[in-house]
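A.B. asks: predicted model follows, preceded by the sequence.
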Amino acid sequence: MEPCCLRLAVLASGRGSNFLAILEAIQQGRLNAQIKVLISDKSDALALQKAEEAGIPHIFIDPRLFPDRQSYESEIVKELKSRDIDLVVLAGYMRLVGKVLLQSYPHQILNIHPALLPSFTGLHAQRQAVDYGVKFSGCTVHFVDDGMDTGPIIDQVVVPVLPDDTEDDLAERILEQEHKLYARVLQWIAEGRVYIEGRKVYIAK
Ligand code: GRF
């Protein structure tokens, strides 16, 4: 691996399948990056276990030990800075990002959302899509800003919603695409091809 490649930190609260998909893309040479650390706000997150198994440094930072979001995020930033992180990758991180993280990593925090934003923001995006009766949903990778799932969109993949889909059916179909999309977008960033003008994100050829 080139010593110069993109230094990633993954923030995850749950099962960690996107973390593993990114790691696999790196191992298969599709993504020129390194995951320097995985940080979780949940002690029992499966993502921590997967990082352990994969030999990736991992830390549980307990938000309950901090009086407010700012001090909690300052602790995260301390860990990120000590590892010279270039890009913070949210992968099922179930917290709103506050100003301490945003100001420390401007336009350097990414999130993946299991819907075609700006539709179906927040929790249970797949259930929202099934209940609404849309024919297509999908997934979105976007820069993180101070809203919930509102930052500039980098790329999206469309996924059909089938008539008898349950929330779980749709979630599974979307997840398959999430895993490909995240690695692809990260590689564009590694190649220095992603630039942002206002709300619009462009990918240089
Ligand atoms: C994914 O569906 C992602 O889009 C959403 O949270 C879920 C995380 O899944 N933000 P995993 O922990 O990566 O398996």
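C.D. replies: Thanks, I have the structure now.
A.B. asks: now check the longest helix along the chain, is it near the ligand?
C.D. replies: Ranked by residue count and defined by DSSP state H, the top helix of the chain is helix 167-190. Yes - using C-beta under 6 Å from any ligand atom, we find that helix 167-190 touches the ligand at 175, 178. Backbone N, C-alpha and C define where each C-beta goes, glycine included.
A.B. asks: now stretch 18-33
C.D. replies: Yes - with C-beta under 6 Å from any ligand atom as the criterion, the ligand is reached by stretch 18-33 at residue 18.
A.B. asks: one step back: and the longest helix of the chain, C-alpha only, in CSV?
C.D. replies: Listed next in CSV are the C-alpha coordinates belonging to helix 167-190 (Å, rounded to 0.1, in the frame of the first residue of the first chain):
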residue,chain,number,x,y,z
GLU,A,167,-38.9,-3.2,5.1
ASP,A,168,-36.2,-5.9,5.5
ASP,A,169,-36.4,-7.0,1.8
LEU,A,170,-35.8,-3.4,0.7
ALA,A,171,-33.1,-2.8,3.3
GLU,A,172,-31.2,-5.9,2.1
ARG,A,173,-31.5,-4.8,-1.6
ILE,A,174,-30.3,-1.3,-0.8
LEU,A,175,-27.5,-2.5,1.5
GLU,A,176,-26.0,-4.5,-1.4
GLN,A,177,-25.7,-1.2,-3.3
GLU,A,178,-24.5,0.8,-0.3
HIS,A,179,-21.5,-1.4,-0.1
LYS,A,180,-20.5,-0.7,-3.7
LEU,A,181,-21.4,2.9,-3.6
TYR,A,182,-19.4,3.9,-0.5
ALA,A,183,-16.1,2.3,-1.8
ARG,A,184,-16.6,3.9,-5.2
VAL,A,185,-17.1,7.4,-3.8
LEU,A,186,-14.2,7.0,-1.4
GLN,A,187,-11.9,6.0,-4.3
TRP,A,188,-13.0,9.2,-6.2
ILE,A,189,-12.0,11.2,-3.2
ALA,A,190,-8.7,9.3,-3.0
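A.B. asks: check which helices and strands it is in contact with.
C.D. replies: Counting contacts by 3 or more C-beta pairs under 8 Å, 6 or more residues apart in numbering; DSSP states H and E, helix 167-190 is packed against strand 6-11, helix 17-27, strand 33-40, strand 87-90, strand 109-113, helix 125-132, strand 136-143, strand 153-160.
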